[in-house]
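A.B. asks: coordinates only, no sequence provided:
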RNA sequence: GUGAGUGUAGCUCAAGGGCAGAGCGCCGGACUGUGGCUCCGGAGGUUGCGGGUUCGAGACCCGUCACUCACCCCA
């Protein structure tokens, strides 16, 4: 038997309704905040991610699905959407076309990692990006969108954390301060931390090794080393969040893994999720557009993991309870009438089902019950003779004969009551 | 890439060297025009895959694949 490949999975009825609900809410929230949907290819030139996501990141160094196509082109299944969206923004000059480009995108991403709870090789993200606005108000507005999304999905036990990682000017100063403060303690940290000290000192804050914590707790905070402009910006973001009444926790240990982040970074964490507890994360990337060959334009955005949102959503999310009508027939003549009746019910907008196999009336009722039918319409010799249909409300168990034309109006009424 | 745990019916799990089982679900019947509750019957298995030990392996050993969780990293 051929199975789905590692880290990929099928989403089946019973779960797919949660996804449909999530996607509907996501689109609705994004569009209310003025974002327009953009769909980009899942496959791009490899160099887009090497330049965009960054050579220093784990994603580029070891997680990309890259190969040479039959034309000799180096291509990659996108590991994240932001570089693609920046490319589309530049390629189609969305700055001119849209004024303030606020866009969102939903789709699959691919990373070659060991799967675990909330982490897959093919996973799905909602991305929101806003280009060209430097004012910190946009940071707060994007965070507000993210917070709104999580609220409307009914997810409990969430926490927003924010930080500022500075800019090209002040970050090197902080990195130097970090290494200076570490001093003689560096050899006492774990092997991962020693590696991080050389490649990206900021990431030492990600360490979870218990023995390292006292040393790390004593390190300086990036927020205390911001340049004048970055500090003013960060203060304004926090003030706006307070104005919006969004609870947040400044976390000097929030350091994001992608090379392009500047100034504001944020994550929303869910307590129910396990080790991979970030529902969404993002921040500013003021140098990325230029890095990818465009004009000097700032940007801010976030990516939300749909698998993680689905995991964190309440049990009963996305289960609508519309009417389900089952047409039961006895005898060949009745089956013909029943076939037309289900067709007409569906045309009238109802969810309607029929038994295809001419089974016993009992079996048909059993199936109706299993399907969660709210109503069963019975067609037998008696009903055929006088042009009626017996309608049974499966929830109350009551039934009555009705003239066949009146059944639509009756069901519409029941639908309104529900 | 590293570590640990787990792979038996559609699902959840028993059987720990000696006949592959239960509950739920599914199909049918009791109830020849009525679901849920109850009772009865039935279908459904290459015990993940390959090798080895043994008179005999679902079980023990080796390998492999998959799943789960964690590390790493991130959504």
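C.D. replies: Ah, there it is. All of these numbers come straight from a predicted model, not from anything done at the bench.
A.B. asks: and the nearest residue to residue A:143 once chain neighbours are set aside, how many neighbours?
C.D. replies: Leaving aside its chain neighbours, residue A:143 sits nearest to residue A:266 (5.7 Å; criterion: C-beta to C-beta, 6 or more residues apart in numbering). C-beta here means a position set from N, CA and C on the backbone, and glycine is covered the same way. For residue A:266, the count of nearby residues is 27 (other C-beta atoms under 10 Å).
A.B. asks: name the element residue A:266 belongs to?
C.D. replies: Using DSSP states H and E, residue A:266 sits in strand A:262-270.
A.B. asks: state the mean pLDDT of the helix or strand following that strand.
C.D. replies: Remark: after strand A:262-270, the chain's next helix or strand is strand A:278-284, criterion DSSP H and E. The average pLDDT within strand A:278-284 is 95.
A.B. asks: list the buried residues for the helix or strand following strand A:278-284?
C.D. replies: On the C-terminal side of strand A:278-284, the nearest following helix or strand under DSSP H and E is helix A:288-291. Buried residues in helix A:288-291, counted by 16 or more other C-beta atoms under 10 Å: A:288, A:289.
A.B. asks: close to RNA strand B, is stretch A:72-84?
C.D. replies: Yes - using C-beta under 7 Å from any atom of the strand, stretch A:72-84 reaches RNA strand B at residue A:80.
A.B. asks: same deal with stretch A:347-360?
C.D. replies: Yes - residues of stretch A:347-360 contacting RNA strand B under C-beta under 7 Å from any atom of the strand: A:359, A:360.
A.B. asks: tell me which element the residue in chain A sticking out farthest from the centre falls in.
C.D. replies: Going by C-alpha atoms, centre = their mean, the residue of chain A most distant from its centre is residue A:385, 55.2 Å out. Assigned by DSSP H and E, residue A:385 belongs to helix A:381-386.
A.B. asks: is it true that the residue nearest to residue A:143 touches residue A:161?
C.D. replies: Yes - contact criterion C-beta atoms under 8 Å: residue A:266 and residue A:161 qualify, at 6.7 Å.
A.B. asks: which residues do these two both contact?
C.D. replies: A:248, A:254 (C-beta atoms under 8 Å, 6 or more residues apart in numbering).
A.B. asks: follow-up on the earlier one: which helices and strands sit right next to the strand holding residue A:266?
C.D. replies: helix A:136-152, strand A:158-164, helix A:228-243, strand A:278-284 (3 or more C-beta pairs under 8 Å, 6 or more residues apart in numbering; DSSP states H and E).
A.B. asks: give me the contacts around the second one.
C.D. replies: Taking C-beta under 8 Å, 6+ apart as the criterion, the residues outside strand A:158-164 that touch it are A:143, A:147, A:150, A:222-223, A:226, A:230-231, A:233-234, A:237-238, A:241, A:246-255, A:263-271, A:279, A:312.
A.B. asks: need the contact list for the spatially most central residue of chain A.
C.D. replies: Centroid-nearest residue in chain A, with C-alpha atoms, centre = their mean: residue A:306, separated by 3.1 Å. Contact analysis of residue A:306 by C-beta under 8 Å, 6+ apart lists A:19, A:22, A:23, A:106, A:123, A:124, A:125, A:126.
A.B. asks: so of the residues you listed, which ones are in helices?
C.D. replies: Secondary structure from DSSP state H places A:19, A:22, A:23 of these in helices.
A.B. asks: separation between residue A:293 and residue A:120?
C.D. replies: 32 Å (C-beta to C-beta, to the nearest Å).
A.B. asks: what are the contacting residues of stretch A:21-40?
C.D. replies: Against stretch A:21-40 from outside (C-beta under 8 Å, 6+ apart): A:78, A:81, A:84-85, A:87-88, A:98, A:102-107, A:126, A:128, A:130, A:141, A:144-145, A:148-149, A:152-153, A:304, A:306, A:309-310, A:313, A:317-318.
A.B. asks: buried by neighbour count: which residues of that stretch qualify?
C.D. replies: By 16+ other C-beta under 10 Å, the buried positions in stretch A:21-40 come out as A:21, A:22, A:25, A:26, A:29, A:30, A:33, A:35, A:38, A:40.
A.B. asks: for chain A, name the helix or strand with the lowest mean pLDDT.
C.D. replies: The weakest-scoring helix or strand in chain A, judged by mean pLDDT, DSSP states H and E, is helix A:191-199 (a mean of 80).
A.B. asks: tell me the mean pLDDT for the helix or strand just after that helix?
C.D. replies: Going down the chain from helix A:191-199, the next helix or strand is helix A:213-217, by DSSP H and E. The average pLDDT within helix A:213-217 is 84.
A.B. asks: let me know whether helix A:213-217 sits next to RNA strand B.
C.D. replies: No - Helix A:213-217 stays clear of RNA strand B (C-beta under 7 Å from any atom of the strand), getting no nearer than 12.0 Å.
A.B. asks: please identify the buried residues of that helix?
C.D. replies: Here helix A:213-217 shows A:215, A:216 as buried, counting by 16+ other C-beta under 10 Å.
A.B. asks: could you look up the SS state of the residue in chain A positioned nearest to RNA strand B?
C.D. replies: Chain A approaches RNA strand B most closely through residue A:257 (1.4 Å), counting by C-beta to the nearest atom of the strand. The assignment at residue A:257 comes out as coil when based on DSSP: H, G, I helix; E, B strand; the rest coil.
A.B. asks: backbone torsions only: list them for it.
C.D. replies: Phi and psi for residue A:257, reported as degrees, to the nearest 10, are phi -80, psi -10.
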